[in-house]
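A.B. asks: Please find the sequence and the predicted model below.
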Amino acid sequence: MQDGILNTPAFLREWERTLRGLKDITPGVVGLQLPEGLVRRSGKLAEDIQVNTGADVMVLADPCYGACGIGGVDPELLKLDALVHVGHLPMGIPNAGAVPVFYVPIKQDVDRSLLEGLLKSWDAPHRLGLVSVTQYINWLPVARDILSKMGVDVFMGDGGPRLAAPGQVLGCDFSVPRSVAGSVDAFLFVGTGVFHPLGVSLSTGKPVFRADVELGRLLPPDHDEMVDRWRRKRHAALERIRGSERIGVVVSTHPGQARFALARKTCNMLKKAGYNTTLMVARELGPTFTDRMGMNGYVICACPRIVVDDQSSHSRPIITPLEARILTGDIPWEDHGPDEIVAEDLGDWSVEDEGT
Ligand code: SF4
C-alpha cells in the first residue's frame, strides 16, 4: 500500500467522516491503528486527529494486517475512549466494540473509463460473479453497471459475518463467491494480484478472469498451473511434517485470527494419532517464532496466508488445520483446499471436542 493513497479523494472523504464522528463523541484518548504499509504515516495522522478533536492520540504500533488485528490491547489499560482503525472494513469482531471503533477503509478512487476500456469489447460469460477486495470494492457497482448494459447477468453474492460488502473476499473468507457459484459460469476479480483470484478459483472450481486495474489488462483464467504448483508445495510440506517427533499447534492473539477452539480440536486429534503436540499462542508467527520454539513442525491456526505466502521463509514445515486432518487420516488428500476462518473456530481454549 503506497503512502500516496492517503491523498486520494476516496481516503480523504473517509478521513473527514471519521474526524466528524470523533468530534461528536469528544474522546479524551484515541487509539490509532494502521496497516503495515502505512505505519510510517502514523505521526501525521495522529497529529491530524489531535489538532481536529483535541484528543490525545496513542498509536497502537504492533503489526496489523487486517481488521482481524483490531485493537489487540486492552482499551481499559490504555484508557482509550475510541479507536481509529485504518485500512479495512469491519469484520464483526465482538471485542472490537469495547470502545467506539471508527473504521477508515482504504479504497482506490474508481476509474470508470479504465473499467470501460477493459470490459467493453469483452466476450463475457453470460452469467458472471463479481468479486474484489476492500481496496477496490467500490469499483464493483460500476463494473456491474457496465456489464449489465452489455447484457451480462451479474451476481454479487453476500457472504459470512466477517464480510462487510457484497462481492468482498478476504484471504481467509471466500464465502461470497461460494454463495453464487451455482448461478454463474465464471467470476471476474477486479483488483490486482493473484492470491485472491486463486482462492476464488480453489473454493468454487469456476474460471476466474481478472480485471487487473494496475496493469490495465483483462486477463483470462490462468490458475491451473498455479493450483498445481500450490498443491505440490502443500503436499511436500505435509510429507515433511509426517512422523515429526513434536508438533506445535499455534494460535495468534490477533482477535479475528484467534482460532482457539480449532487449535484445541486439532491438538487433540494429533495426539490421538500418536503425535506429541504443544499448544502455543503468540501475536506474531514469523520465521523467528518457528525457529525459536524448537518444534519439528507447526499447525498454524492463525491467518491462513501465513502458510500460503511464507512457507519458504520458515525452516520448519508449517501446515493448515485442514492439512492436519489429512495428516491424521481424518480426511483424504482429495479434500485438500484453502484454509478459511469460520466463526465457530474462534471459541476459547476450554471447548473440548467430542470424544476427548
Ligand atoms: S487473510 Fe489473514 S490478515 Fe487478512 S483478514 Fe484474514 S486473517 Fe486477517
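C.D. replies: Now that the structure is in, tell me what you want to look at.

A.B. asks: F187 in helix, strand or coil?
C.D. replies: What DSSP: H, G, I helix; E, B strand; the rest coil gives for F187 is strand.

A.B. asks: got the residue ranges for the helices in the chain?
C.D. replies: With DSSP state H as the criterion, the chain has helices at 9-25, 42-53, 75-78, 112-119, 140-149, 175-180, 195-204, 224-241, 260-272, 287-292, 304-310, 321-328.

A.B. asks: Let's have those helices in JSON lines, adding mean pLDDT, distance to L279 and mean neighbour count.
C.D. replies: Every residue, glycine included, has its C-beta placed from N, CA and C. Listed next are these as JSON lines, based on pLDDT from 0 to 100; distance: least, Cβ to Cβ, whole Å; neighbours: other Cβ atoms under 10 Å:
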{"stretch": "helix 9-25", "mean pLDDT": "95", "distance to L279": "38", "mean neighbour count": "15"}
{"stretch": "helix 42-53", "mean pLDDT": "96", "distance to L279": "34", "mean neighbour count": "16"}
{"stretch": "helix 75-78", "mean pLDDT": "80", "distance to L279": "25", "mean neighbour count": "12"}
{"stretch": "helix 112-119", "mean pLDDT": "97", "distance to L279": "48", "mean neighbour count": "16"}
{"stretch": "helix 140-149", "mean pLDDT": "98", "distance to L279": "40", "mean neighbour count": "18"}
{"stretch": "helix 175-180", "mean pLDDT": "96", "distance to L279": "28", "mean neighbour count": "23"}
{"stretch": "helix 195-204", "mean pLDDT": "93", "distance to L279": "28", "mean neighbour count": "22"}
{"stretch": "helix 224-241", "mean pLDDT": "92", "distance to L279": "17", "mean neighbour count": "14"}
{"stretch": "helix 260-272", "mean pLDDT": "95", "distance to L279": "5", "mean neighbour count": "21"}
{"stretch": "helix 287-292", "mean pLDDT": "92", "distance to L279": "14", "mean neighbour count": "14"}
{"stretch": "helix 304-310", "mean pLDDT": "92", "distance to L279": "17", "mean neighbour count": "19"}
{"stretch": "helix 321-328", "mean pLDDT": "98", "distance to L279": "13", "mean neighbour count": "22"}
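
A.B. asks: Now S42: closest residue in space that isn't a chain neighbour?
C.D. replies: The shortest distance from S42 to any non-neighbouring residue, by Cβ to Cβ, 6 or more residues apart in numbering, is to V59 (4.6 Å).

A.B. asks: Likewise for I241?
C.D. replies: G297 (3.7 Å).

A.B. asks: dump the residue contacts of the one you found.
C.D. replies: 240-241, 244, 247-248, 316-319 (Cβ atoms under 8 Å, 6 or more residues apart in numbering).

A.B. asks: domains in this protein, as residue ranges please.
C.D. replies: Under the assignment automatic domain parsing, the domains of the chain span 3-105, 112-222, 244-346.

A.B. asks: The last one close to the ligand?
C.D. replies: Which is domain 244-346. Yes: Domain 244-346 is in contact with the ligand by Cβ under 6 Å from any ligand atom, via 256-257, 303, 305, 341.

A.B. asks: could the residues you listed go into TSV alongside distance to D74?
C.D. replies: As requested, the residues of domain 244-346 next to the ligand are exported to TSV (distance: Cβ to Cβ, whole Å):
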residue	distance to D74
G256	17
Q257	18
C303	22
R305	26
I341	23
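
A.B. asks: Closest one to the ligand out of the residues you listed, please.
C.D. replies: Comparing these against the ligand with Cβ to the nearest ligand atom places C303 closest, at 3.2 Å.

A.B. asks: Verify the stated contact: the closest one with Q257.
C.D. replies: Yes: using Cβ atoms under 8 Å, C303 makes contact with Q257 at a distance of 5.1 Å.

A.B. asks: got the contacts of G297 as TSV, with distance to R325 columns?
C.D. replies: Putting these into TSV (distance: Cβ to Cβ, whole Å) gives the following:
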residue	distance to R325
R240	17
I241	13
S244	16
I247	13
G248	17
R316	20
P317	16
I318	15
I319	10
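
A.B. asks: could you flag which of those are buried?
C.D. replies: Buried members of the contacts of G297, counted by 16 or more other Cβ atoms under 10 Å: 240-241, 244, 247-248, 316-319.

A.B. asks: Settle this for me: M226 is touching P197, isn't it.
C.D. replies: No: using Cβ under 8 Å, M226 is not in contact with P197, being 9.2 Å away.

A.B. asks: Next one: I93 relative to V86, how far apart?
C.D. replies: For I93, the distance to V86 equals 16 Å [Cβ to Cβ, to the nearest Å].

A.B. asks: So which of those two has more stuff around it?
C.D. replies: Set I93 next to V86 and count neighbours by other Cβ atoms under 10 Å: V86 wins out with 25 against 20.
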